[in-house]
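K.L.:
I need the structure of the sequence given here:
(one chain, ligands or ions: 1)
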Amino acid sequence: MKLSFQNRIALHYMIATAVIMAIIFGVVFFVVQETMYQNLDNSLNFEASKHSGEIKIIGDAIQFINKAEWEEVEHKEIQMNPIFIQIIDINGSVMDKSPNLKRDVLPFKDINEYGTHFNTNLKDQAIRQIQKPIESNGVTKGYMLAAITLEPSLMVLFKLRNTLIISYLTMLCGLYFVSRYLAGRSIIPVKNITQTTNRITKNNLNERVELPVYKDELYDLSSGINQLLQRIENAIERERQFTSDASHELRTPLASLRGTLEVLIRKPRDVNEYENKIKYSLSEIDRMTKTTEQLLLLARLDSTNTILNNTLISLPTLINEILVRYDKDILSKNLKVELQVETEEKTLVPKYHANLILDNIINNAIKYSTQNKSILIQLMSIDKSILCKIKDEGIGIKNEDIPNVFNHFFRSEALEHKHISGNGLGLSIALKSAEAIKAIINIESKPNKGTTFTINFLSKS
Ligand code: ADP
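P.N.:
Numbering: from 1, shown residues only. The predicted structure follows:
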């Protein structure tokens, strides 16, 4: 059966209350019934004890002493709830009985089986009866039976039972509707959330779920959904910006390529001019190829954090491999590059990501250094992490540009250093790679003094 959330709450609430109320009503009924029987048994005990002192035992016969007085009282008074008394011998034969029993006889039941108190019938009437042994010199001579009609007590119990059952059923019905109404009211915010989230598409991502008045779990849920929507909106906005920046970045070299070729085709030129324009065109094509490769790399880093076959490598080995790659640039600028390893520990890091981080940062240190300057690379360990500092004496970054250097396509003062090639994607790739291996990159920089990048790697040793 498919129940709505609202009905499910109401049903569960009702079942729990039904069980609790059934136990409470059962206990009430049982206590009233037991108290009633106890009262009757006390009266019967009193009467039986009283009459046990008013008997005479002659041989095997047992009889009441004052039967005549008793009969007289019986004639004068009408008793509402008469108590019947009867004496029987050990064989169960009636020896004597109270006048109110007339021709009737109280049934004797085996004490071992029924105990001293039990319910039975006298003709059609329900009665409560007790049986007490009559002893003489320690020998049981017979039994004193005392009984009283149960009809009024049973009537009270019957009425109590019916009242309890009717109020139980009425209460459950009422409870079901009340709890259904309350459950319905308390899930209104959930319905609001569903309606709003169903309405939201890519085109109205700025809509938000209405926050409930009280700061409860539903408030947390609504504000959690709003924060999620905000993150999605930001991500989509970033994506939009990225696509437009990327197409701009590719359109510019394409336009300049087209312009160069159009100029070339207009009229015949000398060989030198052809050579220069073709060289320029090839360099633009290289730039576009590099940008496309870096965009693909960024997309790959975005789509998965786990690179298969991400082997470990020691940092000094990796740094030396990178320096070899840029040997030509180092020599042409006559840079002094020094690697200081100030740690005894093994400096193993995931090769794929560490290479992307260090390659871009070392490449920048070389690119943005002027002639004859030094670059210092230091490796040291702090607690369980390895710090790699890359310090150059290059052109530096303006203080207000430092927070932006990791943004896609951001180039600080690009016009000032047009001769330095770049597209503003290198540090974005470094940051994405660092996030993938939980490394942290920090920058300190002063214009015309130099820049220091500090990368905090978690050691895999
Ligand atoms: P680019 O391809 O332009 O070098 P990056 O993403 O690697 O792109 O760097 C972004 C910008 O940060 C660079 O354009 C440059 O302005 C600045 N930058 C990065 N590293 C350095 C550095 N070592 N010295 C000076 N400026 C730097």
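K.L.:
From the ligand, how far out is Ile193?
P.N.:
41 Å (Cβ to the nearest ligand atom, to the nearest Å). C-beta coordinates here come from the backbone N, C-alpha and C atoms, glycine included.
K.L.:
What helix or strand is that residue located in?
P.N.:
helix 188-199 (DSSP states H and E).
K.L.:
Ok, Ser381 next?
P.N.:
With DSSP H and E as the test, Ser381 turns up in strand 374-382.
K.L.:
hmm, who's touching that strand?
P.N.:
315-316, 319, 335-343, 345, 347, 362, 365-366, 369, 386-393, 459 (Cβ atoms under 8 Å, 6 or more residues apart in numbering).
K.L.:
which of the residues you listed are close to the ligand?
P.N.:
For the ligand, the contacts drawn from the contacts of strand 374-382 by Cβ under 6 Å from any ligand atom are Ala365, Asp392.
K.L.:
What about the contacts of strand 374-382, which are in strands?
P.N.:
Residues of these located in strands (DSSP state E): 336-341, 386-392.
K.L.:
Of the residues you listed, just say which sits nearest to the ligand.
P.N.:
Nearest to the ligand among the ones in strands among the contacts of strand 374-382, counting by Cβ to the nearest ligand atom, is Asp392 at 5.2 Å.
K.L.:
Pretty sure the closest one sits against Thr451.
P.N.:
Yes - using Cβ atoms under 8 Å, Asp392 is in contact with Thr451, at 5.6 Å.
K.L.:
State the distance from the nearest residue to Ile402 once chain neighbours are set aside to Lys398.
P.N.:
The shortest distance from Ile402 to any non-neighbouring residue, by Cβ to Cβ, 6 or more residues apart in numbering, is to Ile443 (5.7 Å). For Ile443, the distance to Lys398 equals 12 Å [Cβ to Cβ, to the nearest Å].
K.L.:
can you check Pro189 too?
P.N.:
From Pro189 to Lys398 the distance is 49 Å (Cβ to Cβ).
K.L.:
neighbour count winner among those two?
P.N.:
Per other Cβ atoms under 10 Å, whichever of Pro189 and Lys398 has more neighbours is Pro189, with 21 against 13.
K.L.:
on that earlier part again, so what pLDDT did the residue nearest to Ile402 get?
P.N.:
The model reports Ile443 with a pLDDT of 97.
K.L.:
How about the stretch 151-300 of the chain: which residue is closest to the ligand?
P.N.:
Closest point on the stretch 151-300 of the chain to the ligand, by Cβ to the nearest ligand atom, is Gln294, at 8.5 Å.
K.L.:
count of residues packed around the closest residue to that residue other than its chain neighbours?
P.N.:
Leaving aside its chain neighbours, Gln294 sits nearest to Leu425 (4.3 Å; criterion: Cβ to Cβ, 6+ apart). Counted with other Cβ under 10 Å, residues neighbouring Leu425 total 24.
K.L.:
so what pLDDT did Leu425 get?
P.N.:
On pLDDT, Leu425 comes in at 94.
K.L.:
before we move on, which element is Ile313 in?
P.N.:
Secondary structure (DSSP H and E) places Ile313 in strand 312-314.
K.L.:
Distance-wise, check the nearest residue to Gly450 once chain neighbours are set aside relative to Ser369.
P.N.:
Leaving aside its chain neighbours, Gly450 sits nearest to Glu393 (4.2 Å; criterion: Cβ to Cβ, 6+ apart). Separation of Glu393 from Ser369 (Cβ to Cβ): 6 Å.
K.L.:
Settle it for me: which of the two has more neighbours?
P.N.:
Ser369 (23 against 20).
K.L.:
That one contacts Leu335, correct?
P.N.:
Yes - counting by Cβ under 8 Å, Ser369 does reach Leu335; the two are 5.7 Å apart.
K.L.:
Please tell me how far the helix or strand where Asp220 lies is from the chain's geometric centre.
P.N.:
Using DSSP H and E, the element containing Asp220 is helix 217-266. Computed by Cα atoms, centre = their mean, to the nearest Å, the chain-centroid distance of helix 217-266 equals 36 Å.
K.L.:
repeat for stretch 20-31
P.N.:
With Cα atoms, centre = their mean, you get 37 Å for stretch 20-31.
K.L.:
Return the per-residue confidence for Lys132.
P.N.:
For Lys132, pLDDT reads 88.
K.L.:
And Ala235, by the same measure?
P.N.:
We have a pLDDT of 89 for Ala235.
K.L.:
Would you mind measuring from it to Thr197?
P.N.:
17 Å.
K.L.:
So for those two, which sits in the more crowded spot?
P.N.:
Each of Ala235 and Thr197 has its neighbours counted (other Cβ under 10 Å); Thr197 has more, 13 against 10.
K.L.:
Any regions of the protein where pLDDT drops low?
P.N.:
Residue ranges of the chain with pLDDT under 70: 1, 73-79, 112-115, 304-309, 459-461.
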